[in-house]
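Asks: From the sequence below, what's the structure:
(one chain, ligands or ions: 1)
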Amino acid sequence: MSRLFSRAILGAALLALCSGMAVARDDPMRMLSGRPAGSNVMDPMTSLVAPAKTEGEAAGNVELGGLPDGPGAEETYYQCVACHSTEIIKQQRLTDARWDELWNWMRDTQGMVEPDADSRATILAYLKQNFSSERQASQ
Ligand code: HEC
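Replies: Okay, the predicted model is just below:
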């Protein structure tokens, strides 16, 4: 009787110990919170932390590949990312004429689908506004 009792006590104590340990053990992901991003390049956990934004990226919409928000941003994204990333667009500073030329080149030699005239006008206006050598970007 008393042996059974002490076994029960032992069991309960073990159970308490184990569950206590489980609770107390640190969640590895918790260690990441609150740490400055990219603080240490040698730290393997650094890649799990959102990278610090550079000044140029801060304006972009992450859902649209970092394209700056504005009329035509979404149309541009869907028209252009079928073949390449938005990076190739974001780095451009072109004249209006050069954007027209590039559009035709993309369509005539790369097989870009020509959308309806409205979409074409919207997208080209967006490109000329935001990635221009002739005027300041709207952002
Ligand atoms: C059907 C495929 C396709 C589509 C759609 C497309 N492109 Fe391209 N684009 C290409 C290819 C192929 C290149 C050449 C890539 C390279 O040189 O690595 C290119 C290159 C470019 C370049 C770089 C030109 C240079 O001088 O180096 C820009 C800017 C560009 N595209 C913008 C756009 C924009 C803006 C859109 C949407 C309106 C678009 N592309 C849609 C295929 C496409």
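
Asks: show me where the chain has helices.
Replies: 2-24, 73-80, 87-90, 96-110, 117-130 (DSSP state H).

Asks: weakest of those in terms of mean pLDDT?
Replies: Among these, helix 2-24 carries the lowest mean pLDDT, a mean of 56.

Asks: List the residues that contact the closest residue to Gly72 other than its chain neighbours.
Replies: In this structure, Gly72 finds its nearest non-sequential neighbour in Tyr126, 3.0 Å apart by CB to CB, 6 or more residues apart in numbering. Heads up, the C-betas are built off the backbone N, CA and C, glycines and all. Neighbouring residues of Tyr126 by CB atoms under 8 Å, 6 or more residues apart in numbering: Gly70, Pro71, Gly72, Ala73, Glu75, Thr76.

Asks: Among those residues, which one sits closest to the ligand?
Replies: Lowest distance from the ligand to the contacts of Tyr126 (CB to the nearest ligand atom) belongs to Thr76, with 6.1 Å.

Asks: can I assume the closest one is in contact with Ile123?
Replies: Yes: at 4.9 Å, Thr76 and Ile123 qualify as touching, with contact defined as CB atoms under 8 Å.

Asks: Against Gly111, how distant is Thr76?
Replies: Using CB to CB, to the nearest Å, Thr76 is found at 18 Å from Gly111.

Asks: between those two, which one's more packed in?
Replies: Shown here are Thr76 and Gly111; by other CB atoms under 10 Å, Thr76 has more neighbours (25 against 9).
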